[in-house]
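In: sequence below, structure please.
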Amino acid sequence: MLRLWALSCALLLSAARESGHFRPKYARVDGEVETLWQRPAVEPKGIFFIAHGCQHQGTDVFDEVAEDGWKFDDCATSNYGKCLGLPEEGALRRYALSRGYVVMAVSGGSGVRSCWYGARDVAKVGAAVRHVRNVEQLPADLPLLALGASSGGAFVGLLPGADASIGLGKLQCIVPEIMDVDSSVNNGVPTLFIHMPRDERTAAFVAESIGDLTARGIRVSELRVQPQAITPAFLRSCLSEADAAQLVKALQEHSVVDAEGFLLADARAREWVPAAKEALGSNSRDSFRPDESCLAELMNVAWAKHEFSSQFAKEIFDFCEGQEPPVPALAETHGARTWETRFGQMEVFEFGAAPQPLAIALPGMNPSLVHEFDPIAKRLAKEGYHVLLPHLHANPKTRPGQLSVQGLEGVLQDLLQANGYNQVAILLGKSWGGGMASSLANSEALKVQKLVLVAPARSEPSSWPASLPVALFWAEDDATVPLPTSPSLRKRAQLFHTEPTGGHRVLPSYADPIARFVGSPAAAEVDAKGVPKSTGRVGDSGESSFDKVARTGSMPRMTDSHSHADQL
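Out: Okay, the predicted model is just below:
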């Protein structure tokens, strides 16, 4: 009996396919809203809406020719004149269908190679959703899941604030990719951010959105797309196995990738194109054009800074169906020790050892850069300091953007007590961590002796103790936190060091001026791991240089010769 039932289902499914029931469909809703959709081979459990990014359109999600040779004729008369079926969008569409969702896309903005027009497009998408529900005879309460990339990510962030009359129905979740959202319009829709930490600016904005949504009790999570090595398997959605192997070889020969297959430069610089043309020859069907080429999209995914990604397809639907995604993998944590804090266990990277004077460095928002203070920490350990780099990203309760100033102060107090200290000799911080360090500069519990800030997200010089020595470090091309023009900030700092280039990073070149600024508390001999072999030498008076600076408040004379360092 079961076998007959299965056979009848198969025959019905085959007949439905022949009739076009499960083929992609196309419509111009209300005469202008380009809408494409496809029904799954099972009873739909929801609608999955995909919002494209700038320079794209809804037809990018669908294939012009199916694997079985069926041709989607409406592509030829679409706004763009064809369906690109880009690899990442296509992979996500196919996975969504396999999970039982109707997949739909709309061409936003002008309708072709356009960004979304924000709130003006919400009504258009509402009309498109109503059209799909009516044509497919879907229940009014069938949930809607919405994912968008870049401009599309910002757009789906507006949907929780849409009026019920728009016709979206039950919005079950939103998934903004490579974009933050206007969290103020979200009054309860679960939100999953997928972004690429290499784009630090977006990562910082995403962290702010997460913090705001969390504070308002809205279910929120994030997944991070990291750079990927270019291998034949990685290229299989665009090339045959033989062509993929040829391309990988050519990329290596042209020094476009490193020995492990990772791109050495942003794919949008298009250094991979000559190698691809050489490897694939004139027979290649790929156009190599930005925002149109199959390979161009994969190369952008490999670089992982700003591109649509299907990497977490399963996690997207798990989250939207009520499951929690796994904690994203962070940078490797070798050499970390674990201490108990009021927020639970805390991994801390340690350089040097007690009882040398304590230095603590606070990271920025980007979890992939947790080790960027390492060169500074190694140098300070060599100078005779005990340096702790708390891995705030590893604990969900202490992630930057979610942890309050008071909470961070408590964590640092816990670290002081665990190591037997009653003061912080040097407090360092970058970006978010710099802003937090600035706020903690006058903490009575921490007793900060020196403050070193790298492109702080905010600074509060009026709150700093008058006797507190302060050093500021910036790259002139920092687009995330631009170089400040405030003369008061420059005047307050004992050292204001700039580099012409370097972006939003803790640069290794900062190590020397930082070491000179803080002075050496003790000329300690260190082993290969940076751990002092002795507790340090003292002068004839029995007082170390650190103790003298702490007692007198006087700074060692700065003799920085760097052409871009201004001692003020």
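In: can you pull out the strands in the stretch 301-450 of the chain?
Out: Shown for the stretch 301-450 of the chain, the strands assigned by DSSP state E, counting those that start in this stretch span residues 336-341, 344-351, 358-362, 386-390, 426-430.
In: who touches the first one?
Out: So that's strand 336-341. With Cβ atoms under 8 Å, 6 or more residues apart in numbering as the test, strand 336-341 has contacts from 345-350, 391, 398, 410-411, 414-415, 418. All C-beta spots, glycine's among them, are computed from the backbone N, C-alpha and C.
In: OK, contacts around the most centrally placed residue in the chain?
Out: The residue lying closest to the centre of the chain (Cα atoms, centre = their mean) is Pro197, at 3.0 Å. With contacts defined as Cβ under 8 Å, 6+ apart, the neighbours of Pro197 are 203, 224, 226, 366-369.
In: Val518 contacts Val470, correct?
Out: No: no contact is recorded between Val518 and Val470 when judged using Cβ atoms under 8 Å, the distance being 11.4 Å.
In: more crowded one of the two?
Out: Under the neighbour definition other Cβ atoms under 10 Å, Val518 and Val470 were set side by side, and Val518 has more, 27 against 21.
In: could you pull up the residues touching that one?
Out: If you count contacts by Cβ under 8 Å, 6+ apart, Val518 has them with 359, 380, 383, 385, 425-426, 450, 452.
In: rerun at 7 Å
Out: For Val518, the contact set (Cβ atoms under 7 Å, 6 or more residues apart in numbering) comprises 426, 450.
In: which phi and psi values does it adopt?
Out: phi -80, psi -20 (degrees, to the nearest 10).
In: which residue comes closest to Trp303 once chain neighbours are left out?
Out: Nearest in space to Trp303, with sequence neighbours left out and distances taken as Cβ to Cβ, 6 or more residues apart in numbering, is Ala267 at 4.4 Å.
In: so who does the one you found touch?
Out: Neighbour list for Ala267: 299-300, 302-303 [criterion: Cβ under 7 Å, 6+ apart].
In: 6 Å - rerun?
Out: Remark: with contacts taken as Cβ atoms under 6 Å, 6 or more residues apart in numbering, Ala267 is in contact with 299-300, 303.
In: tell me which of those residues fall in helices.
Out: 299-300, 303 (DSSP state H).
In: so how far is Cys83 from the nearest residue to Val65 once chain neighbours are set aside?
Out: Once its chain neighbours are removed from consideration, Val65 has its nearest residue in Lys71; the separation is 5.4 Å (Cβ to Cβ, 6+ apart). Using Cβ to Cβ, to the nearest Å, one gets 10 Å for the distance from Lys71 to Cys83.
In: please identify which of these two sits among more neighbours.
Out: Neighbour totals were compared for Lys71 and Cys83, and Cys83 leads with 25 against 12 (other Cβ under 10 Å).
In: for that one, grab phi and psi.
Out: Listed backbone geometry of Cys83 is phi -110, psi 130, with angles given as degrees, to the nearest 10.
In: one more: the one 3 residues further on?
Out: As for Leu86, its main-chain torsions (degrees, to the nearest 10) stand at phi -60, psi 150.
In: how many neighbours does it have?
Out: Counted by other Cβ under 10 Å, the residues lying close to Leu86 total 28.
In: got a list of what it touches?
Out: Contacts here follow Cβ under 6 Å, 6+ apart; on that basis Leu86 touches 60, 297.
In: so where's this protein uncertain?
Out: Regions of the chain meeting the criterion pLDDT under 70 cover residues 1-19, 325-336, 368, 520-568.
In: if we go to 80?
Out: Across the chain, the stretches falling below the confidence threshold (pLDDT under 80) are 1-20, 283, 324-337, 366-370, 479, 485-486, 520-568.
In: confirm His131 sits in a helix?
Out: Yes: counting by DSSP: H, G, I helix; E, B strand; the rest coil, one finds His131 located in a helix.
In: that one contacts Asp30, correct?
Out: No: in this structure His131 lies outside contact range of Asp30 using Cβ atoms under 6 Å: 8.4 Å.
In: which one of the two has more residues nearby?
Out: Each of His131 and Asp30 had its neighbours counted (other Cβ under 10 Å), and the higher figure belongs to His131 (19 against 12).
In: leaving out the residues flanking it, which one is nearest to the more buried one?
Out: With Cβ to Cβ, 6+ apart as the criterion, His131 has its nearest non-adjacent residue at 4.6 Å, and that residue is Val29.
In: count of residues packed around the one you found?
Out: As a burial measure, the neighbour count of Val29 was computed by other Cβ under 10 Å and equals 19.
In: domain assignment for this protein?
Out: Dividing the chain into domains by automatic domain parsing, as the record does, gives the ranges 16-225+308-320, 241-303, 336-566.
In: got the end-to-end distance for the shortest one?
Out: Spelled out, it's domain 241-303. Counting by Cα to Cα, to the nearest Å, the length from the leading to the trailing residue of domain 241-303 is 21 Å.
In: for Glu271, which three-state class applies?
Out: The three-state label for Glu271, taken from three-state DSSP, comes out as coil.
In: that one touches Val256, doesn't it?
Out: Yes: here Glu271 lies in contact with Val256, judged by Cβ under 6 Å, at a distance of 5.4 Å.
In: the two: which is more packed in?
Out: Val256 (23 against 18).
In: check contacts around that one.
Out: 271-272, 275.
In: could you do Val454 as well?
Out: Contact criterion Cβ under 6 Å, 6+ apart gives 430, 434, 473, 506 as the residues in contact with Val454.
In: kindly report the same for Gly433.
Out: Under the criterion of Cβ under 6 Å, 6+ apart, the neighbours of Gly433 are 362-364.
In: can you pick the most crowded of these?
Out: For the contacts of Gly433, the largest number of neighbours (other Cβ under 10 Å) sits with Gly364, at 31 neighbours.
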